[in-house]
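In: Give me a model of this one.
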Amino acid sequence: MPLLVMLMAFSGVSLPGWAQNPPSAGPAPALAATPKPAPAPSLSSADATAQQNNADLEDGLKYLKANQPEKALASFQKILQADPDNATANLLAASSALNLYMGDLAVTYAEKARQLAPDDWRVDTTLVTAYAAAGRSKQRDAERTKLVALHGNANAPDAAKANGFLLDLFKVGKYRVEAVQYFQPIGKFHTYYRFLVRSLGGKRLWEYDLQSDDFAQKSWAEAHPQEAAAGGRQFSLESDTGDTHMEYRLFSGDPGYDMVRSVVVALLQERTLPFPAEVPKPAAAVQ
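Out: Numbering: from 1, shown residues only. A predicted model of the protein is given here:
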């Protein structure tokens, strides 16, 4: 996810109590009719709709957390049938569509959310992923540029706090891949992009990192002085799980996201062995 979580609470309506008839000091009176409770105050049509929307929103969020995006999308679409200008429901419907790998539908909902909430940077983080999933690279890159600018904007504190954003979400065979772009390279080896590989159920299995570390950069700069003087760097696609380190490919100069993505897709398509996290651990021996 990618995934926006906004919980909204709503208050119920309490039923008033009813009066009690005090006992009489004289002879037992005739049996009186049982007093009826006072009717509950009726909700206005707008209040009833808002209350139902809140219930559907809560249901949709629960489904998203439970990795049931079909049911989540249905809950948010139910809200939008009654309230098409609900910015939150549009944004969450876009997230649900992304989790179903329905890029074009995600764009439709995310663009509507932008119309309704043009200054909410979370809309842009959803739009960039939606454009990527829909194969709209021009719009995707425009959103990336906007997010980078927001990150450096003192008037956008939420964006300034973030390290990066979910750039892409796609499926390769039995794997789900979440591609993260960082605003500034992070870590000891300067990671620019990280591709998190998960099972379709959401279990984290592996990762591929596009890095450009200073040690390798030094020798590359000596061999490519003009490119290095212009700010060029050497990049490598690697995996490091702590127990295993693998280097897949070197790039002389910035390869760009689409090139790196194509390499990751090919690695997953060509993979014949399961990832270590897919192999069941042997049962502990009984003492």
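In: residues touching the nearest residue to Tyr101 once chain neighbours are set aside, list them.
Out: Excluding the flanking residues, the one nearest Tyr101 by CB to CB, 6 or more residues apart in numbering is Lys171, at 5.5 Å. From N, CA and C alone the C-beta is placed, and that goes for glycine too. Lys171 is in contact with 101, 177, 200, counting by CB atoms under 8 Å, 6 or more residues apart in numbering.
In: For these, I'd like a selection string for PyMOL - just the buried members, please.
Out: Buried subset of those, written as a PyMOL selection, criterion 16 or more other CB atoms under 10 Å:
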select buried, resi 177
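In: And the contacts of Lys171, which is closest to Thr145?
Out: Val177 (23.0 Å; CB to CB).
In: Report the beta-bridge partner residues of that closest one.
Out: Beta-bridge pairing of Val177 under DSSP bridges involves Phe170, Val197.
In: For Asp243, see how far away it is.
Out: Distance of Val177 to Asp243, computed by CB to CB, to the nearest Å: 22 Å.
In: before we move on, the earlier item: with the contacts of Lys171 in mind, which one is nearest to Asn67?
Out: Nearest to Asn67 among the contacts of Lys171, counting by CB to CB, is Leu200 at 8.9 Å.
In: Contact partners for the closest residue to that closest one other than its chain neighbours?
Out: Of all residues not flanking Leu200 in the chain, Arg176 sits nearest, at 5.5 Å (CB to CB, 6+ apart). Contacts for Arg176 (CB under 8 Å, 6+ apart) come out as 169-170, 197-200, 202.
In: Mind checking which of these are buried?
Out: Buried members of the contacts of Arg176, counted by 16+ other CB under 10 Å: 169-170, 197-198.
In: need those in TSV with distance to Gly187 and pLDDT, can you?
Out: TSV is the format used below for those (distance: CB to CB, whole Å; pLDDT from 0 to 100):
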residue	distance to Gly187	pLDDT
Leu169	22	97
Phe170	24	97
Val197	18	97
Arg198	21	97
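In: Leu210 and Val260 touch, don't they?
Out: Yes - taking CB atoms under 8 Å as the definition, Leu210 is a contact partner of Val260 at 5.2 Å.
In: Quick check: the residue nearest to Tyr101 vs Ala133, distance?
Out: Relative to Ala133, and taking CB to CB, Lys171 is found at 10 Å.
In: quick one: which of the contacts of Arg176 is nearest Arg233?
Out: Arg233 lies nearest to Val197 out of those, by CB to CB, at 25.0 Å.
In: Is it correct that that closest one is in contact with Val177?
Out: Yes - using CB under 8 Å, Val197 is in contact with Val177, at 5.7 Å.
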